[in-house]
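Asker: Okay, predicted coordinates and the sequence, questions at the end:
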Amino acid sequence: MNQSSVENSTDSVTVTRLSDLSSQQWKSGIAAWLGWLFDGLDMHLYVLVATPFVAELLNVADQKDPQVGYYSSWIQAAFLIGWALGGGFFGRIADHMGRSRALMLTILTYALFTGMSFFAQTWWQLLIFRFLAALGIGGEWAVGASLLSETWPRRWRPWMAAVLQTGVNLGVMLAGLAIFLLADYPKRSVFLVGILPALLVLWIRRAVPEPEEWHAARRESIHEQPAFLDLFRGSIRRTTILTMVVCALSLTAHWAFLFWYLQHVRNLPELSSWTDGEKSLLVGRFVWLVMLTSIAGNFVAASLARWLKYRVAISILCVGYFLSMCGTYCVARDYHSLWYGFAAIGLCQGVFALFTMYLPPLFPTLLRTTGAGFCYNIGRIAAGLGTVFFGLFSKVGDYRLALFYAGFLFLPAAAFAWLLPEPPDEDSPVSQPLD
């Protein structure tokens with residue numbers, strides 16, 4: 001590492017208060033947080049209207065028709081696969097072109113194609129638009145995480161992860177608010193809200209510079225750029241494989257919950273006489289409950305990571321998520337009882353906040369966004385296929401058993417997480433070398 005990069009790292013380490021942060025650090029932090037806020041908004045709009053909107057596209061009157069669950073799950077699978085591919089694709093762009101430039105491209109991508117979902121006339125058109133929007137959302141996760149890990153103090157990482165993940169939670173809550181406000185409008189109307197993030201790009205282009213750490217690494221490696229396959233060579237290979245396994249298992253279970261829990265609520269027997277608008281209002285309340293407890297869970301996770309280190313905290317929270325899923329779905333419950341289970345599940349979702357700041361430092365600077373984006377988001381391919389699998393595993397209109405069995409994936413995720421390393425730069429001002 002050259003001198004300027006070392007100085008930049010040292011400056012970050014000596015910052016002890018928010019007032020000590022530089023203008024660049026504030027701008028980078030705000031850009032990453034807002035990007036994640038709109039990530040949460042755009043990714044969750046479909047989940048909230050999947051059942052009624054897909055039924056409309058299929059011209060099916062009964063939302064419990066098996067076709068609705070089948071096609072809506074494939075649309076969600078395409079979204080998660082696009083998320084995974086976007087993490088790798090935009091990760092490479094960010095490592096070559098820079099973090100802020102890539103951040104702009106990712107936000108434009110998911111804003112444009114979320115808005116285009118409004119114009120879908122068939123289920124497969126919606127699938128294509130969701131896939132393309134997911135490319136940008138997956139890329140933004142990797143780019144925003146790397147941008148923040150390279151500009152803010154290292155010892156703040158657990159709290160930075162909690163705050164950044166809170167942006168996603170608030171974005172999901174905004175999606176729930178959009179459903180609430182637009183309950184009496186056609187379901188497709190909510191996708192127009194997803195265009196709003198495009199306005200953020202104008203500010204990022206003008207205000208957010210590239211991190212000095214990235215510039216320094218580019219100058220050092222101008223004649224020898226690391227390749228994607230370097231993720232599977234040397235000492236990095238073990239980290240890459242373990243991270244992929246943990247993310248694949250945990251994200252499959254997590255997204256099975258995020259997608260099917262609302263469909264399960266909509267199809268509860270005691271709600272059969274409710275109007276679609278009344279069901280949407282209840283769904284919106286449940287979304288807010290899960291997200292509010294998830295925000296609290298982010299800071300619980302940060303506290304555990306500071307106290308016990310990352311891998312132990314991740315393992316504990318995976319076990320907690322498993323127990324919460326089992327307790328919620330081991331028997332049939334009415335919607336009054338589900339409030340308690342959803343609160344417990346929300347608290348355990350803080351585990352995914354930890355990945356935000358934990359993964360990027362595991363990889364060399366010029367493979368950082370590629371490595372974090374690929375390893376974390378490749379799990380979404382498994383999650384996408386898992387969404388379809390667990391949906392097919394259910395009785396028509398009843399996804400309780402799918403959610404119950406999905407929760408068991410957190411147990412092997414916890415076991416493999418125990419084998420993960422701690423970030424190599426936590427106790428050193430020098431980034432990990434490329435073996």
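Answerer: In hand now; what should we look at?
Asker: Now tell me which helix or strand of this structure has the poorest mean pLDDT.
Answerer: Lowest by mean pLDDT, DSSP states H and E among the helices and strands of the chain is helix 3-14, with a mean of 43.
Asker: How much space separates residue 298 from residue 401?
Answerer: The spacing between residue 298 and residue 401, counted by C-beta to C-beta, to the nearest Å, is 29 Å. Glycine gets a C-beta too; all of them are placed from N, C-alpha and C.
Asker: So between these two, which is more surrounded?
Answerer: Ranked by neighbour count (other C-beta atoms under 10 Å), residue 298 and residue 401 place residue 298 first, with 29 against 15.
Asker: Contacts only, for the closest residue to that one other than its chain neighbours.
Answerer: In this structure, residue 298 finds its nearest non-sequential neighbour in residue 162, 3.8 Å apart by C-beta to C-beta, 6 or more residues apart in numbering. Residues in contact with residue 162 (C-beta atoms under 8 Å, 6 or more residues apart in numbering) are 298-299, 301-302, 350, 353.
Asker: name the element residue 162 belongs to?
Answerer: Assigned by DSSP states H and E, residue 162 belongs to helix 157-181.
Asker: now the strands: where do they sit in this protein?
Answerer: Assigned by DSSP state E, the chain shows no strands.
Asker: Quick one: residues contacting the residue positioned nearest the centre of it.
Answerer: What sits nearest the mean C-alpha location of the chain, by C-alpha atoms, centre = their mean, is residue 141, with 6.7 Å. Residue 141 makes contact with 36, 39, 83, 87, 356, 373, 376-377 under the criterion C-beta under 8 Å, 6+ apart.
Asker: how close does it sit to residue 128?
Answerer: In terms of C-beta to C-beta, residue 141 sits 21 Å off from residue 128.
Asker: ditto for residue 385
Answerer: 18 Å.
Asker: so what's residue 358 closest to, chain neighbours aside?
Answerer: residue 310 (4.7 Å).
Asker: Then residue 61?
Answerer: Closest to residue 61 by C-beta to C-beta, 6+ apart is residue 55, at 7.6 Å.
Asker: what residues are up against the one you found?
Answerer: Residue 55 makes contact with 61-63, 65, 68, according to C-beta under 8 Å, 6+ apart.
Asker: What's the mean pLDDT across stretch 267-285?
Answerer: For stretch 267-285, the mean pLDDT works out to 85.
Asker: what comes into contact with it?
Answerer: Against stretch 267-285 from outside (C-beta under 8 Å, 6+ apart): 48, 51-52, 63-64, 176-177, 179-180, 183-184, 262, 265-266, 334-335, 397-399.
Asker: same question, stretch 236-243
Answerer: Applying C-beta under 8 Å, 6+ apart, the contact partners of stretch 236-243 are 230-232, 359, 362-364, 367, 371, 375-376, 416, 419-421, 434-435.
Asker: Just the buried ones from those, in PyMOL syntax?
Answerer: Only the buried members of these enter the following PyMOL selection, criterion being 16 or more other C-beta atoms under 10 Å:
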select buried, resi 230+231+359+362+363+364+367+371+375+376+416+420+434
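Asker: And residue 80, what's its pLDDT?
Answerer: Confidence at residue 80, expressed as pLDDT, is 80.
Asker: Go ahead and confirm it touches residue 133.
Answerer: No: using C-beta atoms under 8 Å, residue 80 is not in contact with residue 133; the gap is 11.7 Å.
Asker: Would you mind measuring from the spatially closest residue to residue 257 that is not a sequence neighbour to residue 271?
Answerer: Once flanking residues are discounted, residue 257 sits nearest to residue 403: 6.1 Å by C-beta to C-beta, 6+ apart. Distance, residue 403 to residue 271, using C-beta to C-beta: 17 Å.
Asker: okay, those two: which has more neighbours?
Answerer: For residue 403 and residue 271, the more surrounded residue by other C-beta under 10 Å is residue 403, and the numbers stand at 24 against 15.
Asker: Please tell me how far that one sits from residue 382.
Answerer: 17 Å.
Asker: do residue 268 as well
Answerer: Per C-beta to C-beta, residue 268 is found 28 Å from residue 382.
Asker: Equivalent analysis for residue 94, please.
Answerer: 23 Å.
Asker: same deal with residue 326?
Answerer: Applying C-beta to C-beta to residue 326 and residue 382 gives a distance of 21 Å.
Asker: higher neighbour count, those two?
Answerer: Taking neighbours as other C-beta under 10 Å, residue 326 and residue 382 compare with residue 382 leading, 24 against 16.
Asker: Excluding chain neighbours, what is closest to the more buried one?
Answerer: Per C-beta to C-beta, 6+ apart, closest to residue 382 is residue 248, 4.0 Å.
Asker: And for residue 344?
Answerer: Closest residue to residue 344 apart from its sequence neighbours, by C-beta to C-beta, 6+ apart: residue 324 at 4.1 Å.
Asker: List the contacts of the one you found.
Answerer: Listed by C-beta under 8 Å, 6+ apart, the contact set of residue 324 reads 341, 344-345, 347-348, 407.
Asker: What confidence value was assigned to it?
Answerer: Value for residue 324, per-residue pLDDT: 97.
Asker: next one: residue 49
Answerer: 84.
Asker: Kindly provide the distance from the nearest residue to residue 346 once chain neighbours are set aside to residue 255.
Answerer: Using C-beta to C-beta, 6+ apart and skipping residues adjacent in sequence, the residue nearest residue 346 is residue 293, 3.0 Å away. From residue 293 over to residue 255 the distance is 18 Å, taken as C-beta to C-beta.
Asker: Same check on residue 338?
Answerer: Separation of residue 338 from residue 255 (C-beta to C-beta): 19 Å.
Asker: Kindly report the same for residue 305.
Answerer: According to C-beta to C-beta, residue 305 stands 23 Å off from residue 255.
Asker: Around the closest residue to residue 99 other than its chain neighbours, count how many other residues there are.
Answerer: Spatial nearest neighbour of residue 99, chain neighbours left out: residue 147 (4.2 Å); criterion: C-beta to C-beta, 6+ apart. Counted with other C-beta under 10 Å, residues neighbouring residue 147 total 27.
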